[in-house]
Each structure stands twice: as structure tokens, then as C-alpha cells.
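Student: Build me a structure from this.
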Amino acid sequence: QVQLVESGGGLVQAGGSLRLSCAASGRTFSSYVMGWFRQAPGKEREFVAAISGSAGTIAYADSVKGRFTISRDNAKSAGYLQMNSLKPEDTAIYYCAAGPSMSAISTNYRYWGQGTQVTVSS
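Tutor: Residues are numbered from 1 along each chain as shown. Take a look at the predicted model:
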């Protein structure tokens, strides 16, 4: 069992930055892939980024590539999503998730946080 808690969301102007954190507790965090997903009002949940347990493999959605950076600190059982050059279309609830393998498919992730709201104003 892994419990995940996101933090760091908020309101920011377009072009600004935010850093999301995901605190994990429970079983060995380093054995799980960590993913970030987001869901905007009226839209389906979509993949943002994922990082393997050792941080040796990283993947991004095309929409955030070059602007967002995913990272993790296994010693602290924490994951991060640095978001730069934010756009209004990045507005969504952001979720961190943990799963057994690298995937952009949400159903492959077993554990989820409650989400944190990110709002980007134009």
C-alpha cells in the first residue's frame, strides 16, 4: 500500500512557474514508477509525465515537453513536477500516481493522490 499526497498547486499567471510535490508513505516508494496526470473540467484525465523507480527512464507528454521537469528523491519518498512557462491550457487538477511500470495509461497506476489544483490565468 502506498499513500500519496500532492501539494504546491495554486494560481499563477501565464508564463509563470509552479513546483508540485508528491509525498509518499507506505511500502517502498523506490520500487514504483511515479506518474503525473491532470484533468481539466469536462475533459478526461491525461498523462503528463512519468519517471522510473531509479529515475533512469523519464517520459513526457508532447504538450509539456521542454516546459515541465519530473524528478524524484527516493530518500525522501517524494516526487516533483517543476512546471515552467505555464499556459492557461495547463489549468487542471494535477494528480500523482504510483504503479509497477512506465506507462501513459492511467489504469496502469495502482495508487493515486487526491490532486492539487493548478490555475493559470491569461
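
Student: what residue lies at the spatial centre of this protein?
Tutor: By C-alpha atoms, centre = their mean, the chain has its centre lying nearest to residue 36, at 2.5 Å.

Student: Now residue 59: closest residue in space, sequence neighbours ignored.
Tutor: residue 50 (5.0 Å; C-beta to C-beta, 6 or more residues apart in numbering). Glycine gets a C-beta too; all of them are placed from N, C-alpha and C.

Student: How are the strands of the chain distributed by residue range?
Tutor: For the chain, the strands defined by DSSP state E cover 2-7, 10-13, 18-26, 33-39, 46-51, 58-60, 68-73, 78-83, 92-99, 111-112, 116-121.

Student: Output those strands in a markdown table, with mean pLDDT and distance to residue 105 appended to each entry.
Tutor: Output for these, formatted as a markdown table (pLDDT from 0 to 100; distance: least, C-beta to C-beta, whole Å):
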| stretch | mean pLDDT | distance to residue 105 |
| --- | --- | --- |
| strand 2-7 | 96 | 18 |
| strand 10-13 | 98 | 28 |
| strand 18-26 | 94 | 19 |
| strand 33-39 | 98 | 10 |
| strand 46-51 | 98 | 7 |
| strand 58-60 | 98 | 12 |
| strand 68-73 | 98 | 17 |
| strand 78-83 | 98 | 18 |
| strand 92-99 | 98 | 9 |
| strand 111-112 | 97 | 13 |
| strand 116-121 | 98 | 22 |
